Structures are given as structure tokens and as C-alpha cells.
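Chemist: Fold the following and give me the result.
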Amino acid sequence: MSILKAWDWSKIDQKEREYWSVPSKDVFQFMFHLKDRGHHKIYDLGCGIGRNLFFLLDMGFDVYGSEYSIDAVKEVNEKLIKLGYSQRVKHESMTEISEDDKSYDAVIAYNVVYHAYFSDMVKALDNIYRILKPNGSLLITFQSKRSPVYNAKYEVGTGTVIKKEGHETGIPHHFVDREEIIFLLKNYSILEISHIEHEYNYIKDKGCHFVVTAIKT
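Modeler: Numbers count the residues shown, from 1 in each chain. Alright, predicted model coming up:
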């Protein structure tokens with residue numbers, strides 16, 4: 001089954017938009033990895049409103065990306081032009097990336113590929129692998145089955161749950177364990193897997209993610 005749905009950024013309040021405008025600390029740390037390996041051309045898959053894209057541009061990287069929300073694509077490209085850049089973000093699905101084969105030193109897929117049924121997540125991972133150069137770097141996150149959001153009795157497919165409320169209503173989320181990550185990234189050399197438990201919404205809610213750094217083999 002294939003169901004992809006973009007975030008509706010019009011439903012994100014100002015306070016949450018401010019959160020999604022700040023670069024991730026994982027991407028900040030990944031930047032040093034990129035510099036150490038001499039990686040310069042970066043692809044930001046599902047870039048949202050540009051939290052990581054603008055940070056990496058400021059750090060001197062050559063960054064491009066895609067996003068499934070038309071509103072977010074327009075917003076990011078307008079900001080890019082105001083800053084003196086060309087439009088660098090395409091409106092594309094993560095399952096249909098149009099970039100050339102082996103054209104990027106690194107790909108960032110932060111809070112992106114798990115917004116799908118398993119089959120679409122695999123398509124996205126295949127696209128990422130295709131556009132990465134040999135020995136290219138990947139920073140990617142997955143939803144963990146240890147998250148309280150995951151409940152097997154609500155699955156609509158193995159490991160997949162559809163959100164029933166909030167701005168992610170109707171969006172499928174695929175949850176994995178460590179063994180599934182090893183399988184999904186079998187064509188990479190995995191440098192690090194971190195399991196992150198984070199509390200948010202004034203510590204009312206909790207989520208669990210895997211953060212993975214890997215090298216294409």
C-alpha cells in the first residue's frame with residue numbers, strides 16, 4: 001500500500017514553527033563528520049521549512065533538497081532567494097527523487113522516511129542509496145518500536161500505525177527495532193546507532209527515535 005501525505009504547515013502554531021526552524025543537534029554533530037571526510041555537496045530529504053538546510057548553507061556546504069509540502073517548498077525557496085541563493089528545493093515525494101545517480105557526498109533524512117508504509121520507506125531508502133556517491137555519508141532517523149506512540153494492536157500494516165490526531169492526522173508512521181535497521185541499511189557500513197528518548201510538550205509527551213550515521217559501501 002502507498003499513502004504519502006505532507007505535513008500541513010498551516011496547522012503548526014508559531015511556537016512549534018520556531019522549534020522546527022532550529023537546526024537539529026544531530027545535524028550539528030554530523031557537520032563535523034562531513035568536514036572530516038571532505039564532503040561538500042549535501043542533499044536534505046524532506047527539508048521541511050529548512051531548519052537544517054539553512055544551517056548547512058551557513059556552514060559553507062553546497063546544499064539542495066526536496067519536500068512534499070508545497071507550502072514549505074515555496075517558503076524555503078523564497079527565503080533562499082532573499083538570501084541571495086538560487087531556488088534549491090524541489091517539490092517531490094521521497095519515493096521519486098529526481099536527482100542523478102551518485103551525485104551527492106551526503107544525504108540527510110531527518111524525521112522523514114518513517115512517514116510511510118514499509119514499502120514506501122524502502123523506495124525512499126533505495127533512492128537515497130542511488131543518489132549517494134560511493135563512500136558517501138548518511139544521517140537518518142527511524143521511529144523506534146519502544147516509543148509509547150507505537151501500539152501493535154493499532155497497526156495497519158506490519159510495524160505501521162496511522163496517526164489519528166494533531167497535524168500528522170492520516171500520516172502513516174513505520175516503527176522499527178535495531179535488527180530491522182541493520183537489515184534496511186545492509187549496503188552501508190554503520191558507524192553509529194543511537195536510541196534517543198525525548199520528552200516534549202512540557203514533558204507531557206514522549207517519543208523514541210533511532211539516529212543512524214552510515215557510509216555507503
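Chemist: Packing partners of the lowest-mean-pLDDT helix or strand in the chain?
Modeler: Ranked by mean pLDDT, DSSP states H and E, the helix or strand of the chain with the weakest confidence is helix 14-19, at a mean of 79. On a contact count with 3 or more CB pairs under 8 Å, 6 or more residues apart in numbering; DSSP states H and E, helix 14-19 meets no helix or strand. For every residue, glycine as well, the C-beta is placed using N, CA and C.
Chemist: before we move on, what SS does the nearest residue to residue 47 once chain neighbours are set aside have?
Modeler: Nearest non-adjacent residue to residue 47, counting by CB to CB, 6 or more residues apart in numbering: residue 65, 3.8 Å away. Following DSSP: H, G, I helix; E, B strand; the rest coil, residue 65 is assigned to strand.
Chemist: isn't residue 65 right next to residue 48, touching?
Modeler: No: using CB atoms under 8 Å, residue 65 is not in contact with residue 48, being 9.2 Å away.
Chemist: Tell me which stretches of the chain form helices.
Modeler: Along the chain, counting by DSSP state H, helices occupy 14-19, 25-37, 51-58, 70-82, 118-131, 178-184.
Chemist: which one of those has the lowest average pLDDT?
Modeler: Ranked by mean pLDDT, the helices of the chain end with helix 14-19 at the bottom, a mean of 79.
Chemist: Dump the C-alpha coordinates for that one into PDB.
Modeler: The C-alpha trace of helix 14-19 is given here as PDB (Å, rounded to 0.1, in the frame of the first residue of the first chain):
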ATOM      1  CA  GLN A  14       4.200  29.900  15.900                       C
ATOM      2  CA  LYS A  15       5.900  28.400  18.900                       C
ATOM      3  CA  GLU A  16       6.200  25.000  17.200                       C
ATOM      4  CA  ARG A  17       7.400  26.600  13.900                       C
ATOM      5  CA  GLU A  18      10.200  28.200  15.900                       C
ATOM      6  CA  TYR A  19      11.200  24.700  17.100                       C
END
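Chemist: So what's the residue count around residue 82?
Modeler: Residue 82 has 8 neighbours, counted by other CB atoms under 10 Å.
Chemist: oh, I was asking about residue 143
Modeler: 23.
Chemist: For it, name its beta-bridge partners.
Modeler: residue 175, residue 209 (DSSP bridges).
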